[in-house]
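Asker: My questions are about this predicted structure, shown below with the sequence.
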Amino acid sequence: DAKTTQPNSMESNEEEPVHLPCNHSTISGTDYIHWYRQLPSQGPEYVIHGLTSNVNNRMASLAIAEDRKSSTLILHRATLRDAAVYYCILRDVEGSQGNLIFGKGTKLSVKP
Amino acid sequence: DTGVSQNPRHKITKRGQNVTFRCDPISEHNRLYWYRQTLGQGPEFLTYFQNEAQLEKSRLLSDRFSAERPKGSFSTLEIQRTEQGDSAMYLCASSLDGGSSYEQYFGPGTRLTVT
């Protein structure tokens, strides 16, 4: 799986939108972009994934650049509960056995 | 609660002792994964089962580590002759085979401290 680059940390104010960037310049055509997050003292949880088109779900939105070399996870209104480490992960679903390759992620702090 | 469960949640052991952790996946999930996470790092893949077959092992899984998934249901991870470097959070995850998502559901982890 290709490597991703994320900022080590970001800060946000409560109830404001948050844009978490991820660079993946070596992404291949069969790589899906997945986001997981890990709340303090918990295991990671799935947030969202996409291939080429922007995606929305109840937790977040995923904006994917046209060349697919970067993506942005968007939390529309940050809450204190969104304070977590966010991981951007590429997965070649066609070729891999399915294990996730985590980087260090972005630690998001949310201020009240 | 029908999520992934792990026991025990915490384990303190002395160097040289053996420890065993248990993971109960979501009942219909045929894939089960073990990861290890040290402080400040993302989880690292250890091994993966599809049903009862162990299909992949990371180079991180030394010969002191062994994992089983009898009958394709729960799984155990045993560490023999523990070392201080084994201190970490051990995470289990499960998923369904197939589809573009392969969304993995993680348990709360077992925190191991080797003194």
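Answerer: Happy to help now that I have it.

Asker: Every contact and neighbour count from this point should use C-alpha atoms.
Answerer: Noted.

Asker: What segments of chain A are helices?
Answerer: Along chain A, counting by DSSP state H, no stretch forms helices.

Asker: and it, which residues reach chain B?
Answerer: Within reach of chain B by Cα under 8 Å from any Cα of the partner chain, chain A has these residues: A:32, A:41-46, A:49, A:93, A:97-105.

Asker: how about 10 Å then?
Answerer: With Cα under 10 Å from any Cα of the partner chain as the criterion, chain A meets chain B at residues A:32-34, A:36, A:38, A:41-51, A:85-87, A:91-94, A:97-105.

Asker: Weed out the non-buried ones from those residues.
Answerer: Buried members of the residues of chain A next to chain B, counted by 16 or more other Cα atoms under 10 Å in any protein chain shown: A:32-34, A:36, A:38, A:43-51, A:85-87, A:91-93, A:97-105.

Asker: where are the low-confidence patches of chain B?
Answerer: For chain B, the stretches with pLDDT under 70 are B:1, B:98-102.

Asker: in it, which residue is closest to the centre?
Answerer: By Cα atoms, centre = their mean, chain B has its centre lying nearest to B:W34, at 3.1 Å.

Asker: Look up the closest residue to it, ignoring the ones flanking it.
Answerer: B:C92 (4.6 Å; Cα to Cα, 6 or more residues apart in numbering or on different chains).
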